[in-house]
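Trainee: sequence first, then the predicted structure, then my questions.
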Amino acid sequence: MDEEQFEAVRNWGEGLRGDSREEVRAAGQAIVLLCAEVDRLERELWNEKALVSEPPPEDASGEDGEPSLMEATLRTRLRHFAGALYTRPAKR
């Protein structure tokens, strides 16, 4: 699905949310929520790819050429933080 089609689905969901029938409004809300979740997952995937694709700095390796414990810890914490930026608590 390309961006134009995805936007059409999102707009369709927005339109359904204004319907007078409760079931149709609920379906529209579900579509809008699913579109928001797809957006969030795309951002998270993009961030993960960006973190993984960055080459480590030359001075961050230990004597054996492996990443130092500090670098590994920082990368892990950064991945966790970046993922948390796009995580929302579930609405009840």
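Mentor: Looks like it arrived, so ask away.
Trainee: any stretches of the protein with poor pLDDT?
Mentor: 52-67, 80-92 (pLDDT under 70).
Trainee: how about 90 then?
Mentor: The model of the chain has pLDDT under 90 over residues 1-3, 40-92.
Trainee: go through it and flag its longest helix.
Mentor: Longest helix in the chain, counting residues (DSSP state H): helix 22-53.
Trainee: would you mark the buried spots in stretch 27-47?
Mentor: 27-28, 31-32, 35, 44, 47 (16 or more other C-beta atoms under 10 Å). For every residue, glycine as well, the C-beta is placed using N, CA and C.
Trainee: can those residues go into JSON lines with extra columns for distance to residue 8?
Mentor: Supplementary listing: the buried residues of stretch 27-47 in JSON lines, determined by distance: C-beta to C-beta, whole Å:
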{"residue": "27", "distance to residue 8": "16"}
{"residue": "28", "distance to residue 8": "14"}
{"residue": "31", "distance to residue 8": "11"}
{"residue": "32", "distance to residue 8": "13"}
{"residue": "35", "distance to residue 8": "11"}
{"residue": "44", "distance to residue 8": "24"}
{"residue": "47", "distance to residue 8": "26"}
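Trainee: contact partners for the closest residue to residue 32 other than its chain neighbours?
Mentor: Distances taken as C-beta to C-beta, 6 or more residues apart in numbering put residue 13 closest to residue 32, at 4.3 Å, once the chain neighbours are dropped. Applying C-beta atoms under 8 Å, 6 or more residues apart in numbering to residue 13 gives the contacts 27-32, 34-35.
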